Structures are given as structure tokens and as C-alpha cells.
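Asker: build me a model from this:
(one chain, ligands or ions: 2)
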Amino acid sequence: MDAFVSRKRRRLSQHRVEAHAASVEVSSTPIPDASGEDSTDIKIAILLSLFPDLKQESLLDILVSCEGSVEAATFLLTSQDSSSSSPLKKRVISNPALGAQTSLSSHVLSKGKDGSVTTLSDSFLRRKPLSTKKGQTLHLYSPEDIAAYTPCTIIHNFLPTEQANALLVELLDEAKHFSRYEFQLFNRTVQSPHTASLYVSTPEEYQQHTSEYKYGGTYRSNVRQATPGLRSVSRKVQKAVNEAVQAHIRDAYPDGKKLKYQSPKEWRPNAAFVNCYDGPAENVGYHSDDLTYLGPHPIIGSLSLGVEREFRVRRVLPRDEDDDAGQTGAEDKQSAPAKGTNDRKSSTARADAQGQISIHLPHNSLLVMHAEMQEEWKHSIAPAQTISPHPISGNRRINITYRWYRDTLHPRYTPRCLCGEHAVLRCAQRKQETRGRYMWMCYAGYVPGKESCSFFQWAEFDDDGDPVWTHKRQEEEVAPALANFSASQ
Ligand SMILES: O=C(O)CCC(=O)C(=O)O
Ligand SMILES: [Fe+2]
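Answerer: Ligands and ions are numbered 1, 2, ... in the order given. Predicted coordinates for the structure are as follows:
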């Protein structure tokens, strides 16, 4: 232990001198970063010695935000007024939750010789991903940071207060009818660790959703008709989501063009899952949403009401040796999946291996999950240690995910596997050579009491993400389109 401490101290004194040079001109006097896999403690020790009045957690947070670079973190801290009245220092110290994130992206990261500055969000736009480190969670609060480091847009205070509260009251009443769905985990049948119901527009759609659309290999029994509140809010969600998508295409995608397979059409929600998390322990494990009816690169508008909870996201990393678990729709085995298959490794193990980002979702916030989210990232609602009760909902959080099912992926059109089940759509992610390719697969292995027939077929789509069918379709008739929530009143 002593040896470890003194080893750190030796490095610290060496860096102390250079840090001051760094504050003058970082690019010409770089601080040599401690390198190696397990050097985070050393980096933190360096920063602690340079900034002894800052908390270790705060320094860790800044280090993570600087992609692990002591040099950038030091510059960030010293480029502000170096006295204790520095606004950055004040924010860091006063935030016990290591937040300090009024906006990371507004902080200067480095200075060029010509005096030009690079901010964290500039570095994102140059497609330099923010690296979250082993076992760490980077907490993001501000819309700028969320837009810069995740494929999401957040809009706080989305609805007028009265409308948000009224919708919460309406849905808390609806939640009495919600249920836990079951899924198969190895040889066990497990129940979801929160309750939910699917909402659709019309009685005919209710019929279709309980007898044609399959979720996790079974028909959903818990389907309800959209309430007046869900419908009227859907109009505002539709408008805000379309605006956010246009801005995201413009700002985040190469050449400002939509992704291949992303729909070019206006996003028009025609189904919604409403989830209820009753108390801090209720959660949903890491998963990506089932693409079977949404198609490639779907957009999801997710409205949070009631208790604030953490929405955690992490990238799907290529991992050659275990491709099955690397499909989108793959979910965590400790917490229940919403709609999809089960991940082979626990969320804790995966998150430990690569780090994760936590987006805080307060009451009345709209989160837009953009087109790359389901294929390239996984998301979860983490169990909480503690929560702050909400004046209307107590310990409960209500979440609405508005979705747009594609007419062209109606279950009457999608392939059946050899065992007669509806095949499900997945996107391969982990093997380099197949990354990004879509496939139709048997889901029966995950249905209680059924075994997979191992059906597999590559899925073909046009540039706009509508299917090009290669199989002989079950039905040649045109399937009915689901009605847009706002249009169907
Ligand atoms: O509760 C949330 O915010 C997320 C829910 C979710 O991921 C889902 O319904 O698929
Ligand atoms: Fe989800």
C-alpha cells in the first residue's frame, strides 16, 4: 500500500510542474498521461495533487469527460480562473452528486496555437466518441451534453405543467390494469421487473394486436385503447420529435443526410408502450427495442412522468466470439427484457467492461431516441438506491414510449420460421464482417415451453428501410395500416 502511495506521489510531483506550463499552452507542453489499462487511480492521484480542494468523485467525472486525458482535465481546470472563486470549481465542489454538469460541452477542452479552442461538443461532432471507462457511470443532465454524447435529445418541461400532471393522474389510474410480461430465461420463465401495457388507437387495432402482432413470441393480452390524454399529447410529441430528428440529421450525421434505412417520412406514432415503475427497485434491464414491426433505425419518443429515474445507455461493442448476444434486441439476464432476447452477460458485467452513461429523466421530460440508438446502443432503467417521491405519484414513475410501426412490416407480411412462429427482426452488431446487417430469426427459444427451430434468413431493405421480401408471403392481401394517434380521434 505504502509503495503504491509513494509511487503515485512520485508521479504527482513530476506532473505538478508541467501542469502550470499546460495552463499556458497545452499543445506545446503536454503532460505525459499515465498510461496503461489500470491507470485511473494514478490519473486521479495526479489530479488530486494538483487540485487538492476538489473532490475525488468530481475529478473522476471531469477525467471521464476528458476521455481519460489528465492533460485535458488539467487544462480544463486551470484554464478557468485558477483561484478558488473559479466558476467551474464552485460548480464542482457544490455538487455532491459529482454532477458539476451545467454543461460539459461548454467547457474548453484544448487551445490551438492560433488561439482556436475545441470544446467537448466539437470533439463529438468530429466523431470522437466519449470513452466511458471500466465500471464508471458518466452522469449527464444538460440537453447539450446529452445531445453531444448520446444519440438522444432531451426536452425538459415538455408539456405545460397542468397537462403533464393531468396525464400522470390519468395514467396512474390506467396502471391498475398493467401487468408484468413473462419471458424465458434459459430454462426459467421470468416476469418483467415493472408493469406495462400497450396502447393502440382503435378497437380493430386492439383485435390485431392481441391476435396478429407477437411480442417476445407471444400475443400480448394487455393491450388497451389510447386515452384522451395519450392522444392529445401525441400531437405535441409528434411535432417535437420531428423537429429533433431534423436537427439531429443536420448536426450529427455525415453530410447532414439521414441514415441508410432510416425512414425519410414524417414520424407519426401509432402505438405506445406505457410502463410503470413502482418503487426504486423496479427497472428494465439493458436491451434495445424490438425492430420486428418498427423496422431499421426507428425513432422513439419517450415521455417521463412522476419520479425521476436514471436512463442508462451504453454502446454495443463488437465482440467476435459471441455474436448471438450482440444482436439488437438482446437484453440483460438479471433484469427483464422489454421486448427481445436475453443477453448472455449481466448488465453489471457489460457496464463494468465498458462504462455507461446515465441520463437523468425528471418529471415531464421528453427523450427522443434517434435512428442509430436501437442498432448501436442499449438502454435500461437502472434500479435506484433511493428516489425522491413525486407529489402526485409517490414512488411511481410512468413512462410512455410513442412508436411508429411500419405499415410494410405488418405481421401478415413478415416471414414465419420453420416451426410456424413469427420470425423476429434483429441487427447483427458484434462481428465485424456482419455488423449492421439485418436478419429474420426464430424467437421460439425465448418463449416459455418452446424450442427454437434455428430459422435464419438475411433481411433485405430498400434505402428507406422498407422490406424487400424474398420469401413467399403468407397473405397476398394488403394488411390494414395502424392509425396515427392524433389522426384517429
Ligand atoms: O422507462 C423508460 O424510460 C424506458 C422504457 C423502455 O426502454 C421500453 O419500453 O422499451
Ligand atoms: Fe426500450
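Asker: how close does whichever residue of the stretch 151-300 of the chain sits closest to ligand 2 sit to residue 170?
Answerer: As assessed by C-beta to the ion, ligand 2 sits closest to residue 289 within the stretch 151-300 of the chain, at 4.4 Å. C-beta: built from backbone N, CA, C; applies to glycine. According to C-beta to C-beta, to the nearest Å, residue 289 and residue 170 sit 24 Å apart.
Asker: compare those two (neighbour count), which wins?
Answerer: The neighbour count for residue 289 versus residue 170, taken as other C-beta atoms under 10 Å, is higher for residue 289 (23 against 17).
Asker: for ligand 1, what is the nearest residue in the stretch 351-489 of the chain?
Answerer: Of all residues in the stretch 351-489 of the chain, the one sitting closest to ligand 1 is residue 399 (3.4 Å; C-beta to the nearest ligand atom).
Asker: which residue packs closest to that residue, ignoring adjacent ones?
Answerer: In space, and not counting its chain neighbours, residue 399 is closest to residue 275: 4.5 Å by C-beta to C-beta, 6 or more residues apart in numbering.
Asker: mind telling me what element that neighbour is part of?
Answerer: With elements delineated by DSSP states H and E, residue 275 resides in strand 271-278, which encompasses its position.
Asker: what's the burial count for residue 431?
Answerer: Residues within reach of residue 431, counting by other C-beta under 10 Å, total 15.
Asker: same check on residue 202?
Answerer: 14.
Asker: for the chain, just list every one of the helices.
Answerer: Secondary structure of the chain by DSSP state H: the helices cover 2-24, 40-50, 56-65, 70-79, 87-94, 120-125, 143-149, 161-174, 203-211, 228-252, 347-354, 373-376.
Asker: Provide a list of residues in contact with the residue nearest to residue 399.
Answerer: In this structure, residue 275 makes contact with 194, 195, 196, 284, 338, 398, 399, 400, 401, judged by C-beta atoms under 8 Å, 6 or more residues apart in numbering.
Asker: which parts of the protein sit against ligand 1?
Answerer: With C-beta under 6 Å from any ligand atom as the criterion, the chain comes near ligand 1 at residues 273, 275, 284, 289, 302, 311, 338, 379, 381, 399, 401.
Asker: isn't the fourth one right next to residue 297, touching?
Answerer: I take that to be residue 289. No - applying C-beta atoms under 8 Å as the test, residue 289 and residue 297 come out as separate, 11.6 Å apart.
Asker: what do those two both touch?
Answerer: By C-beta under 8 Å, 6+ apart, the residues touching both residue 289 and residue 297 are residue 374.
Asker: quick one: the strands in the stretch 301-450 of the chain, in order.
Answerer: In the stretch 301-450 of the chain, the segments counted as strands under DSSP state E, counting those that start in this stretch are 309-315, 330-331, 341-342, 356-361, 365-369, 377-381, 396-403, 424-427, 438-441.
Asker: weakest of the ones you listed by average pLDDT?
Answerer: Mean pLDDT per stretch puts strand 341-342 lowest among the strands of the stretch 301-450 of the chain, at a mean of 38.
Asker: where does residue 479 land on pLDDT?
Answerer: Reading off the confidence values, residue 479 has pLDDT 84.
Asker: could you check how many residues crowd around it?
Answerer: Taking other C-beta under 10 Å as the definition, residue 479 ends up with a neighbour count of 15.
Asker: tell me the phi and psi of it?
Answerer: Residue 479 has phi and psi values of phi -80, psi 150 when expressed as degrees, to the nearest 10.
Asker: now do the contacts for it.
Answerer: Taking C-beta under 8 Å, 6+ apart, we find residue 479 in contact with 407, 410, 411, 412, 413.
Asker: surely the third one and residue 213 touch.
Answerer: Yes - under the contact definition of C-beta under 8 Å, residue 411 touches residue 213, with a separation of 5.4 Å.
Asker: more crowded one of these two?
Answerer: Each of residue 411 and residue 213 has its neighbours counted (other C-beta under 10 Å); residue 213 has more, 22 against 19.
Asker: hang on, that one packs against residue 219?
Answerer: Yes - using C-beta under 8 Å, residue 213 is in contact with residue 219, at 7.4 Å.
Asker: of the contacts of residue 275, closest to residue 466?
Answerer: residue 401 (22.2 Å; C-beta to C-beta).
Asker: on that earlier part again, do you know the pLDDT at the residue nearest to residue 399?
Answerer: Per-residue confidence (pLDDT) for residue 275: 98.
Asker: for it, give its distance to residue 487.
Answerer: Taken as C-beta to C-beta, the span from residue 275 to residue 487 is 25 Å.
Asker: which residue sits closest to residue 283, ignoring its sequence neighbours?
Answerer: For residue 283, ignoring the flanking residues on the chain, the nearest one in space by C-beta to C-beta, 6+ apart is residue 383 at 4.5 Å.
Asker: go ahead and confirm that neighbour touches residue 281.
Answerer: Yes - taking contact to mean C-beta under 8 Å, the distance of 5.3 Å between residue 383 and residue 281 places them in contact.
Asker: where does the stretch 201-350 of the chain have low pLDDT?
Answerer: When the per-residue scores of the stretch 201-350 of the chain are filtered using pLDDT under 70, the ranges that remain are 319-350.
Asker: go again with 90.
Answerer: The stretch 201-350 of the chain contains residues with pLDDT under 90 at 203, 205-221, 316-350.
Asker: quick one on the thing from earlier: possible to save the strands of the stretch 301-450 of the chain as TSV with mean neighbour count and distance to residue 293?
Answerer: Written out in TSV, the entries for the strands of the stretch 301-450 of the chain read as follows (neighbours: other C-beta atoms under 10 Å; distance: least, C-beta to C-beta, whole Å):
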stretch	mean neighbour count	distance to residue 293
strand 309-315	21	22
strand 330-331	26	17
strand 341-342	24	16
strand 356-361	22	25
strand 365-369	24	16
strand 377-381	25	18
strand 396-403	24	8
strand 424-427	26	8
strand 438-441	22	13
